[in-house]
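Trainee: coordinates for the following, if possible.
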Amino acid sequence: MKRFHVHVSVDHLDESIQFYSAMFAAQPAVVKDDYAKWMLEDPRINFAISKRGAETGLNHLGIQVESGEELQQMHTRLDSLQADLLAEENVACCYARSDKYWVNDPSGIAWETFHTLDSIPVFGQSEVADQSACCVPAVNKKTAQACCVPSEKSGGSKCC
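Mentor: All right, here's what the predicted structure looks like:
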């Protein structure tokens, strides 16, 4: 069974942990000095936050699978969508060791499909050039303006 994954970069980890714990009515399953993760069943999601110097907001989305077979099925799907799919085997990231594949959607949002093999005591491996990126590889990321999100600049409007 698959689990949806969302990773958000935050400015204030402690405040964000309090906020999301109240919103999910659950405490995080993992808490580190720079990272927290909730493994929720309702909704079935792996929701992670980190404070590592990346731009605040959505870091990446993903699908966590429970087996190597499911990961291979996802690889087949993703490979048909994007020829420059990035494969990583036994990689250390976000306090876990995983096999994974990365693609970008048409808007440039990074998507990670991964099978977690084990937990590890460090955030990531030293080969990752930009540790602030939460192990998101440098793949044609496009930036887009937020839409349908109220802001002071939009006068509180919720639509584009």
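Trainee: next secondary structure after the lengthiest helix in the chain?
Mentor: With secondary structure taken from DSSP state H, the chain has its longest helix at helix 68-81. Remark: after helix 68-81, the chain's next helix or strand is strand 86-93, criterion DSSP states H and E.
Trainee: which parts of that following strand are buried?
Mentor: For strand 86-93, burial by neighbour count (16 or more other CB atoms under 10 Å) applies to Leu86, Glu88, Val91, Ala92, Cys93. C-beta coordinates here come from the backbone N, C-alpha and C atoms, glycine included.
Trainee: ok, of the residues you listed, which one's closest to Tyr20?
Mentor: Distance to Tyr20 across the buried residues of strand 86-93 (CB to CB) is lowest for Cys93, with 20.3 Å.
Trainee: give me the beta-bridge partners of the closest one?
Mentor: Ala96, Gly124 (DSSP bridges).
Trainee: got it, and Arg44?
Mentor: Glu41.
Trainee: pretty sure it contacts Trp38?
Mentor: No - using CB atoms under 8 Å as the test, Arg44 is too far from Trp38 to be in contact (11.3 Å).
Trainee: neighbour count: those two, which is higher?
Mentor: Under the neighbour definition other CB atoms under 10 Å, Arg44 and Trp38 were set side by side, and Trp38 has more, 20 against 12.
Trainee: would you mind measuring from that one to Glu89?
Mentor: 26 Å (CB to CB, to the nearest Å).
Trainee: state the pLDDT value of Glu55.
Mentor: Note for Glu55: predicted pLDDT of 89.
Trainee: for the one 3 residues further on, same thing?
Mentor: Here, the pLDDT recorded for Leu58 equals 93.
Trainee: tell me which helix or strand the residue lying closest to it once chain neighbours are set aside sits in.
Mentor: Excluding the flanking residues, the one nearest Leu58 by CB to CB, 6 or more residues apart in numbering is Val8, at 6.1 Å. Taking DSSP H and E as the criterion, Val8 maps to strand 3-9.
Trainee: gap between the two ends of stretch 89-105?
Mentor: End-to-end span of stretch 89-105 (CA to CA, to the nearest Å): 21 Å.
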